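Asker: structure for the following, please:
(2 chains)
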Amino acid sequence: MRWLRFAVLILVVAILQKGVLARWDHKPDLLLILLVFFAVYSNTSEAIISSFTIGFAADLIGSPLPMGPHMISFGLFGTLLAYVHRVVAIRRMPYQALAILITGFLTGALAHLLVFLIKREPMPENVFTAIFLTSLFSSLVGPLLFPPAAWSVGIEMNRFQRRSRR
Amino acid sequence: MLFTWLMLTGCILFFTPQGLTGKFQLAFVDIFRWPLSLGGNVALTARTHKSFDGAPGGDEAHLRNYIANLEQTLSQQSKKLRELYGLYNTDIWEGADWALAGVITRTVEGPRNELTIDYRKKKGLVKGQYVLGGESVIGTISDVFPQLHTARVKLITDATSQIPVELAGVPTIMKGSGGNFAVIETLKKKVDVGEKVFARRKAGLMDASIIAGRVARCERNHKTASTWDITVEPACDIAALEDVAVIIMNPKT
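Answerer: Below you'll find the predicted structure:
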């Protein structure tokens, strides 16, 4: 993987998420989409590093939540997804959308639960609905954003497909 | 091994006091101030079509809030005058200062709502101070980063926000509920939709009651039928705010 391109991509996406998308009523989580993308299209060690890095970026823009919960939850579930992908290939769009939906809900729920249980911050009443909606919107647009993400970091999306046909 | 080290890093970050790690978040916003605020302007342009559906525009809401505040101030002054009949009566805003600040980023949807503001050329901001936008109270300062002249504002709609308010003459507490709404629970009297909700004066932070919102819904409490749950919407369109003012009472010169 080209790490410089990766860093630039994460930075641009973080700025978009905190700037333009922050005011939209219903918005996808672009960092979550990238988390699933790198978990699916990178090798395991790259997926682990990228999961924690994306989590760190999510923490940077995750205010008013404190820093750390996203790094832990993204890192944990990104790594888990990368290992799951070694057993169950997530190549078709519906499966990718499902992976985004489930990962989004789990990462969001874990991040808020960590803050609630350890930092003793109050848990908003409708937080799980908000997490589910964000995951849903992300899952709807996520698979469509995979090709531009792959192009921007120089990952060949078809290489896994060819390998599986042999 | 890689996973363990990175997880450990995440845990260290998580257990570091928020006062310290919050500075990283503010520093990020400060460094990328231009693209972040540029993004805000783009989103604002996209939202302008919403104001043609008969709803009051930004200026009209601004004026209505201003009038409501004047009425409330007049009422408060009259009461004070009656109480202190024959004695001197000082201006309620005497000694107060205002720190004007630009909005860099805003999060107004979802359960957690906040603004990041830039208060250059001003000192004296501390946690807890009230923030006004469009002549109404929109939140309180939750974190300050003096080195970068940046601060965070916890909006009245944030799910963790609680501010003392007065509704139809009844002092109560308004809690944020996320999604650009706040709630007042178990109020003992029914109020009309559109009724004004005023943030109560707080010694050392705000010396007069100022409008914070308007009643959007009034429904019976599910558990106690004799009480009412009130849904309040902010008195101004927070998502469209470009500038805010922080009230600094008794500033140190």
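
Asker: beta-bridge partners for B:V103, please?
Answerer: B:I117 (DSSP bridges).

Asker: so who does the residue nearest to A:L30 when sequence neighbours are not counted touch?
Answerer: Leaving out its chain neighbours, the residue that sits closest to A:L30 by Cβ to Cβ, 6 or more residues apart in numbering or on different chains is A:V13, at 4.7 Å. Quick note: C-beta positions are derived from backbone N, CA and C, even for glycine. Contacts for A:V13 were tallied using Cβ atoms under 8 Å, 6 or more residues apart in numbering or on different chains; they are A:30-31, A:34, A:57.

Asker: in three-state terms, label A:V13 for me.
Answerer: Look at A:V13: counting by DSSP: H, G, I helix; E, B strand; the rest coil, its state is helix.

Asker: measure it to B:E114 for me?
Answerer: Using Cβ to Cβ, to the nearest Å, A:V13 is found at 20 Å from B:E114.

Asker: before we move on, back to that, name the member of the contacts of A:V13 with the most neighbours.
Answerer: A:L34 (28 neighbours; other Cβ atoms under 10 Å in any protein chain shown).

Asker: doesn't A:I54 make contact with that one?
Answerer: Yes. Counting by Cβ atoms under 8 Å, A:I54 is a contact partner of A:L34 at 5.7 Å.

Asker: who touches both of these two?
Answerer: A:I10.

Asker: nearest residue to B:K127 other than its sequence neighbours?
Answerer: Nearest one to B:K127, counting by Cβ to Cβ, 6+ apart, is B:I141 at 5.5 Å.

Asker: residue 73: how many residues sit nearby?
Answerer: Answering for chain A, as no chain was given. 26.

Asker: chain B was what I was after
Answerer: By the measure other Cβ under 10 Å, the count of residues near B:T73 is 16.

Asker: can you pull the phi/psi pair for it?
Answerer: Here is the backbone geometry of B:T73 (degrees, to the nearest 10): phi -60, psi -40.

Asker: equivalent analysis for B:A208, please.
Answerer: Dihedral angles (degrees, to the nearest 10) for B:A208: phi -150, psi 150.

Asker: residues in contact with B:S136?
Answerer: Contacts of B:S136 by Cβ under 8 Å, 6+ apart are B:65, B:69, B:210-213, B:234-236.

Asker: got it, and B:T227?
Answerer: B:185-188, B:220-221.

Asker: can you pull the pLDDT of it?
Answerer: B:T227 is assigned 85 on the pLDDT scale.

Asker: one more: A:A111?
Answerer: 92.

Asker: could you pull out the strands in the stretch 51-200 of chain B for me?
Answerer: Counting by DSSP state E, counting those that start in this stretch, one finds strands in the stretch 51-200 of chain B at the ranges B:96-107, B:114-118, B:130-133, B:136-145, B:150-155, B:162-167, B:170-178, B:181-187, B:196-199.

Asker: point out where the stretch 101-250 of chain B drops to low pLDDT.
Answerer: Within the stretch 101-250 of chain B, the stretches with pLDDT under 70 are B:120-122, B:250.

Asker: again, 80 this time
Answerer: Along the stretch 101-250 of chain B, the parts satisfying pLDDT under 80 run over B:108-111, B:120-124, B:147-148, B:178-179, B:203-205, B:207, B:223-225, B:249-250.

Asker: hmm, who's touching stretch B:184-192?
Answerer: So stretch B:184-192 is contacted by B:165, B:167-168, B:170, B:172-175, B:197, B:215, B:218, B:221, B:224, B:226-230, B:232 (Cβ under 8 Å, 6+ apart).

Asker: and the contacts of B:T227, which is closest to chain A?
Answerer: Nearest to chain A, judged by Cβ to the nearest Cβ, of these is B:E185 at 11.3 Å.

Asker: for burial, what's the neighbour tally of the closest one?
Answerer: There are 15 residues near B:E185, going by other Cβ under 10 Å.

Asker: go on, B:R220?
Answerer: By other Cβ under 10 Å, the residues close to B:R220 number 12.

Asker: shouldn't A:A111 be within a strand?
Answerer: No. According to three-state DSSP, A:A111 belongs to no strand; its state is helix.

Asker: grab the nearest non-local neighbour of it.
Answerer: Nearest to A:A111 is A:P69, by Cβ to Cβ, 6+ apart, at 3.9 Å.

Asker: ok, the residue nearest to B:K127 - how many residues close by?
Answerer: Counted with other Cβ under 10 Å, B:I141 comes out at 23.

Asker: now A:I155
Answerer: Neighbour number of A:I155 under other Cβ under 10 Å is 19.

Asker: wait, a strand at it?
Answerer: No. Under three-state DSSP, A:I155 sits outside any strand and is assigned coil.

Asker: that one contacts A:F6, doesn't it?
Answerer: No. Contact status for A:I155 versus A:F6: not in contact, 9.6 Å apart, counting by Cβ under 8 Å.

Asker: about what we covered before: what residues are bridge-paired with the residue nearest to B:K127?
Answerer: B:V153.

Asker: I figured it was touching B:A151, is that so?
Answerer: Yes. Counting by Cβ under 8 Å, B:I141 touches B:A151, with 5.5 Å between them.

Asker: which neighbours do these two have in common?
Answerer: B:125, B:246.

Asker: residues contacting A:L76?
Answerer: Here A:L76 is in contact with A:110, B:7 (Cβ under 8 Å, 6+ apart).

Asker: that one: which element?
Answerer: Using DSSP states H and E, A:L76 falls within helix A:69-87.

Asker: report the buried residues of stretch B:182-190.
Answerer: Within stretch B:182-190, the residues scored as buried using 16 or more other Cβ atoms under 10 Å in any protein chain shown are B:182-184, B:187.
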